[in-house]
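Trainee: Please find the sequence and the predicted model below.
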Amino acid sequence: MAVPSIVSNVTVPLLGLVDVAIVGHLGSAAYIGAIAVGGMLFNLIYWVFGFLRMGTSGMASQAYGRRDLTESVRVLCRAVGVGLVVAGGLLLLRHPILDAAFTWIDATDEVRRWASLYFLVCVWGAPALLSLYGFVGWFIGMQNTRFPMYIAIAQNVVNIAASLGFVYGLGMRVEGVALGTLVAQYAGLALAVALWARYYGRLRRYMRWEGLWDRRAMRRFLAVNSDIFLRTLCLVTVTTFFTSAGAGRGDVILAVNTLLMQLFTLFSYIMDGFAYAGEALTGRLVGAANDAGLRLCVRRLFQWGAGLALAFTSLYALGGEGFLGLLTSDADVIRAAGDYYYWTLAIPLCGFAAFLWDGVFIGATATRQMLYSMSLASATFFAVYYAMEGRMGNHALWLAFLAYLSLRGLAQWALWRRRGGGGAR
């Protein structure tokens, strides 16, 4: 179950990479800047609304474990319905959102013009992408991680083909890349619907419209997702501050932090794959009230996580600096990175538990406890940074980040022990 999720995760940055690669050969740096700015806006927006995938995964897997197929179908319909409502709000507010974004993004007039065009085209993909979050979460909850992988791969193929066709076939520029992304998003949704109809179409007979928007069920759905939403806001705040604080120390330090964070990102793709498997398996076992199986699942999950953390630590110790050389040829940046590189060696061991516990807590729909741990870890991040920044400089930023990762895992472990390590409560 983990391997298809890992493949899906690795394809995520490819969508943005393809867009940058295409406009990078059109002869203007403003095009690259426009894609970077527009892509950043969508990453922030869609990252925050990622609760539609995570919350759906936990609730669908629990319904699957109970063999409650009626509720399973309702979970999918609620997720897609809420996704469409949110998407409608984004479309209605697209111009105010864009205006607000450029109050804190410093960009030239040309970059702003092209980034605005990119945003105003791609935002029409919100209904497709947010609906797709519901489908992907539901497939994972139904113990099927292969379909999200197929969808992710198909989106990348369509994006490449459509963007190249619009830009080089029809002579478009940034708008062609935006249209390619838009087409890929709707192609992904179409494939998700087709896969559901082909392999899960028999579940239509379990559809019961009278209970779909039941107040109690919707209250639980919104409570779970609001916890994940607030938790994601904390995560975005820490990540954004990390980049901003590094930028305040000059271009070289910003480049060093950015490059070293790629090692964290690479590790996160692998751990997230196991976290997704943890979501599906935990939810199924909680739904089936199989506490013994759940304890075994968590133990096996952490055995894999610890082994992979040790493997990545060894890999980074032996070849990480060579990896940095693949990303940049700037001697000053590589030299400066050596002063901070040892922090990245601690990332796998400090961070693997946070990823895996997230999967377990989402599967158990224990999202309030997950929010508590994230809030505590985020507050600790800022406390450590401001306490040590005067003496340690940029090292304080890395110390704070590792403290944040470690505390997330430790707090969730303590909360899980307090729950008795059993089912949803």
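Mentor: Sure, I can see it.
Trainee: Let me know the pLDDT of G55.
Mentor: At G55, the model reports a pLDDT of 88.
Trainee: Tell me which stretches of the stretch 101-250 of the chain form helices.
Mentor: 109-122, 126-141, 146-164, 174-200, 215-247 (DSSP state H, counting those that start in this stretch).
Trainee: Can you name the next helix or strand after the longest one?
Mentor: Put plainly, it is helix 215-247. Going down the chain from helix 215-247, the next helix or strand is helix 251-287, by DSSP states H and E.
Trainee: Give me the distance from that next one to the chain's centre.
Mentor: Chain-centre distance of helix 251-287: 8 Å, with C-alpha atoms, centre = their mean, to the nearest Å.
Trainee: now do stretch 84-99
Mentor: With C-alpha atoms, centre = their mean, you get 21 Å for stretch 84-99.
Trainee: Buried residues, it. List them.
Mentor: L84, V86, A87, L90, I97, L98 (16 or more other C-beta atoms under 10 Å). C-beta here means a position set from N, CA and C on the backbone, and glycine is covered the same way.
Trainee: check contacts around the fifth one.
Mentor: The reference is to I97. Contact analysis of I97 by C-beta atoms under 8 Å, 6 or more residues apart in numbering lists L41, I45, L90.
Trainee: Please convert the helices of the stretch 101-250 of the chain to TSV, extending it with mean pLDDT, mean neighbour count and distance to R74.
Mentor: Shown next, in TSV, are the helices of the stretch 101-250 of the chain (pLDDT from 0 to 100; neighbours: other C-beta atoms under 10 Å; distance: least, C-beta to C-beta, whole Å):
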stretch	mean pLDDT	mean neighbour count	distance to R74
helix 109-122	85	20	31
helix 126-141	95	26	11
helix 146-164	92	20	20
helix 174-200	94	20	14
helix 215-247	84	17	7
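Trainee: Dump those helices into JSON lines; add distance to Y372 as well.
Mentor: JSON lines is the format used below for the helices of the stretch 101-250 of the chain (distance: least, C-beta to C-beta, whole Å):
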{"stretch": "helix 109-122", "distance to Y372": "35"}
{"stretch": "helix 126-141", "distance to Y372": "22"}
{"stretch": "helix 146-164", "distance to Y372": "29"}
{"stretch": "helix 174-200", "distance to Y372": "33"}
{"stretch": "helix 215-247", "distance to Y372": "9"}
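Trainee: out of these, nearest to L399?
Mentor: The closest of the helices of the stretch 101-250 of the chain to L399 is helix 215-247. By C-beta to C-beta, the value is 11.9 Å.
Trainee: elements contacting that closest one?
Mentor: Packing partners of helix 215-247 (3 or more C-beta pairs under 8 Å, 6 or more residues apart in numbering; DSSP states H and E): helix 29-48, helix 51-66, helix 69-92, helix 251-287, helix 367-392, helix 394-419.
Trainee: ok, back up a step: identify, from the buried residues of stretch 84-99, the entry nearest to R391.
Mentor: I97 (40.0 Å).
Trainee: Identify the residue nearest the geometric centre of the chain.
Mentor: W47 (5.8 Å; C-alpha atoms, centre = their mean).
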